[in-house]
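>>> Sequence and predicted structure below; questions after.
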Amino acid sequence: MRSRVFWCRGLRALQAALLFCIAAGTVSASAGHPISPTNIFAPDSTPAHAIYRLSTFVVEIEGVIFVVVFSLIAYAITKFRQRRHDDNEEPPQVYGSNQVELAWTVVPVLIVVVLFVTTAQVIHRVQDARAPAGAINVMVVAHQFWWEYRYTDYGFVTANELHVPVSDPKNPTPTYLALQSADVDHSFWVPRLAGKTDLIPNHPNTTWIDPQETGLYLGQCSQYCGTQHAMMLLRVYVDSRDEFDRWVHNQQQQQAATDPSVAAGRALFVAKGCFACHSIQGVMSIGRIGPDLTHLASRDTLGSGEVPITPENLRRWVHDPAAFKPGSLMPAQDLSDDELNQISAFLLSLH
């Protein structure tokens, strides 16, 4: 019985991973953003470059230590191995050597000091970097199991897909992220852009990125936060400055008067109390529990990167989010097929 449970869990995890890979590939093609591999050895932001250089330096020191120790062991094994003509008497014993003991005390201490100083310098450069004029400021709020992005400089809120402008090394335009948690511990980690930074309840934290190539950078909540921790994905879209400005302008727009073809869906959205959890600027802006849906249809994915936004996926998500994301805090909706079609049509009109 236990093996069957483990097998089912493993199969479910594999299905989730395959689903994410398929979704990511489909979405990247439709959005025109090439997906960047999640690779800590291909940094594309100043903090990630600093961490990469530090890690390379540490590996090089470890490599030297390994070669020295292995060489000494190989030398001792070769030189002092027992030979056929040796008698069985125990060889002369050496009970102390001031030179050897001094060496294995001083050398490790020096190595630790060098690593400590180097690491402290990197931490200082990353954590204490001052924001230059023109830096983008975004407040990141982690929820179970999605991401909220508040663009405080521009006056709008979005979810799950972070857009930032590309940064020219000659004229840097970094993005500073103020990190907060709405519930439990989370961790913000996009390997090619910055190191892991924890989001702890009632303990604000910060990090920053300055990506130097456009594209879609994938990341992950790297602190176990509950059932759907593995699918609390990060998607960072690095746009050209013109593309970013157009995106910001679109996000700042409130929803216009509802198209008559989706008026029934809007009325149903209000009648079913969806506004208690979700906000739509220009329609209802009360809910703070779930993601802001003002420009939902302009996004690429549902459920923090779970599946691409399509009419069928959106319809199934509204009907029963747990079908895609078990453990989702959004309850299933007891709606008829016609009601599902109406709400889905309304949500797909939110560009």
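Looks like it came in fine.
>>> Now the helix ranked longest in the chain: buried residues?
Looking across the chain with DSSP state H, the single longest helix is helix 46-79. For helix 46-79, a neighbour-count test (16 or more other CB atoms under 10 Å) marks 46-48, 50-52, 54 as buried. Where C-beta positions appear, they are placed from N, C-alpha and C, glycine not excepted.
>>> Among the residues you listed, which one sits closest to residue 67?
Proximity of the buried residues of helix 46-79 to residue 67 (CB to CB) peaks at residue 54, which lies at 20.7 Å.
>>> what separates stretch 181-199 from the chain centre, distance-wise?
6 Å (CA atoms, centre = their mean, to the nearest Å).
>>> What are the boundaries of the helices in the stretch 101-250 of the chain?
If DSSP state H, counting those that start in this stretch is used as the criterion, the helices of the stretch 101-250 of the chain fall at 241-251.
>>> Tell me where it has strands.
Applying DSSP state E, counting those that start in this stretch to the stretch 101-250 of the chain gives strands spanning 136-143, 146-151, 156-159, 161-165, 175-181, 186-189, 197-199, 205-209, 215-221, 233-239.
>>> Kindly reformat the ones you listed as JSON lines containing distance to residue 251.
Shown next, in JSON lines, are these (distance: least, CB to CB, whole Å):
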{"stretch": "strand 136-143", "distance to residue 251": "12"}
{"stretch": "strand 146-151", "distance to residue 251": "7"}
{"stretch": "strand 156-159", "distance to residue 251": "5"}
{"stretch": "strand 161-165", "distance to residue 251": "8"}
{"stretch": "strand 175-181", "distance to residue 251": "15"}
{"stretch": "strand 186-189", "distance to residue 251": "21"}
{"stretch": "strand 197-199", "distance to residue 251": "23"}
{"stretch": "strand 205-209", "distance to residue 251": "19"}
{"stretch": "strand 215-221", "distance to residue 251": "18"}
{"stretch": "strand 233-239", "distance to residue 251": "12"}
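>>> Would you mind listing where the stretch 251-351 of the chain has pLDDT under the threshold?
256-258 (pLDDT under 70).
>>> Could you pull out the strands in it for me?
All strands of the stretch 251-351 of the chain, identified by DSSP E, counting those that start in this stretch, fall at 301-302, 307-308.
>>> just checking, what packs against the first one?
In this structure, strand 301-302 makes packing contacts with strand 307-308, helix 311-319, judged by 3 or more CB pairs under 8 Å, 6 or more residues apart in numbering; DSSP states H and E.
>>> So which of these is the most surrounded?
Of all the helices and strands packed on strand 301-302, strand 307-308 has the most neighbours on average by mean count of other CB atoms under 10 Å, namely a mean of 20.
>>> Pull up the pairing partners for that strand, direction included.
strand 301-302 (antiparallel) (DSSP bridges).
>>> Now do the strand it pairs with: everything it contacts.
23, 27, 160-161, 235, 307-309, 313-314, 317, 324 (CB atoms under 8 Å, 6 or more residues apart in numbering).
>>> cool, and stretch 322-333?
Residues outside stretch 322-333 that contact it (CB under 8 Å, 6+ apart): 144-145, 226-228, 231, 272, 277, 289-290, 302-303, 306-307, 313, 316-321, 340.
>>> before we move on, what about stretch 274-291?
146, 148, 156-157, 159-160, 254-256, 258, 266, 269-270, 292-294, 329-330, 343, 350.
>>> From the residues you listed, list the buried ones, please.
Neighbour-count burial within those applies to 146, 148, 156-157, 159-160, 255, 258, 266, 269, 292-294, 329-330, 343, 350; the criterion is 16+ other CB under 10 Å.
>>> what's the first-to-last distance across stretch 162-182?
In stretch 162-182, first residue to last residue: 18 Å (CA to CA, to the nearest Å).
>>> Could I get the buried residue list for it?
Residues of stretch 162-182 classed as buried by neighbour count (16+ other CB under 10 Å): 162-167, 173-181.
>>> okay, and for this protein, where does confidence drop off?
Within the chain, the ranges that satisfy pLDDT under 70 run 1-36, 256-258.
>>> quick check: domain ranges of it?
For the chain, the structural domains run 2-32, 38-76+98-240, 260-348, going by automatic domain parsing.
>>> Residue 177 versus the nearest residue to residue 241 once chain neighbours are set aside, what's the distance?
Take residue 241 and drop its neighbours on the chain: the residue closest to it by CB to CB, 6 or more residues apart in numbering is residue 165, 5.0 Å away. To residue 177, residue 165 is 14 Å away according to CB to CB, to the nearest Å.
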